[in-house]
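Participant: need coordinates for the following:
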Amino acid sequence: MSIEELVGKTCNRVKENGDEIYFYCTDGTSYKLYHDQDCCEVVYIDDIVGDLIDLVGTPILSAQERSNEGKILNNAEYETFTWTFYRLSTIKGTVVLKFYGTSNGCYSEKADLIKL
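Facilitator: Residues are numbered from 1 along each chain as shown. Got it, this is the predicted structure:
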């Protein structure tokens, strides 16, 4: 599911729990942005720019995903990396959720949005 699924939704709560972000919406729907870890990979929230409270109480106006991938040189365990930025905006402000993933090149290094 694309992060754009959140456009038009109004969250009554947004919660960070480790490397997972939960979106609880006023229409009764809930979402989780996370990565289901497998062997030979690591994906985690590297940074959150902005305040998650800016996503509460007003509709999400835009939601975008951008990523940058590359190869890791001189590392025996991990061969590739991906930076993924999830940018969510409301009238109150913008929040950027920055995920970083590395793997042996055979796994996804991005987060997934699922409906709970």
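Participant: from here on, just use CA atoms for contacts and neighbour counts.
Facilitator: Will do.
Participant: from the chain's centroid, how far away is stretch 63-83?
Facilitator: 15 Å (Cα atoms, centre = their mean, to the nearest Å).
Participant: which neighbours does the lowest-mean-pLDDT helix or strand in the chain have in its sheet, and in what orientation?
Facilitator: The weakest-scoring helix or strand in the chain, judged by mean pLDDT, DSSP states H and E, is strand 62-71 (a mean of 89). According to DSSP bridges, strand 62-71 forms sheet pairs with strand 80-90 (antiparallel).
Participant: please export the C-alpha coordinates of the strand it pairs with as PDB.
Facilitator: Once non-C-alpha atoms are left out, strand 80-90 reads as follows in PDB (Å, rounded to 0.1, in the frame of the first residue of the first chain):
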ATOM      1  CA  THR A  80      23.300  -2.300  -0.800                       C
ATOM      2  CA  PHE A  81      21.600   0.600   1.000                       C
ATOM      3  CA  THR A  82      18.400   2.600   0.600                       C
ATOM      4  CA  TRP A  83      17.400   5.900   2.100                       C
ATOM      5  CA  THR A  84      13.600   6.300   2.000                       C
ATOM      6  CA  PHE A  85      11.900   9.600   3.000                       C
ATOM      7  CA  TYR A  86       8.200   9.700   3.800                       C
ATOM      8  CA  ARG A  87       7.000  13.300   3.700                       C
ATOM      9  CA  LEU A  88       3.600  14.000   5.300                       C
ATOM     10  CA  SER A  89       2.000  17.400   5.300                       C
ATOM     11  CA  THR A  90      -1.000  19.000   7.000                       C
END
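Participant: name the next helix or strand downstream of it, please.
Facilitator: strand 93-103 (DSSP states H and E).
Participant: for the closest residue to residue 69 other than its chain neighbours, which residues make a bridge with it?
Facilitator: Spatial nearest neighbour of residue 69, excluding adjacent residues (Cα to Cα, 6 or more residues apart in numbering): residue 82 at 4.3 Å. For residue 82, the beta-bridge partners are residue 69, residue 101 (DSSP bridges).
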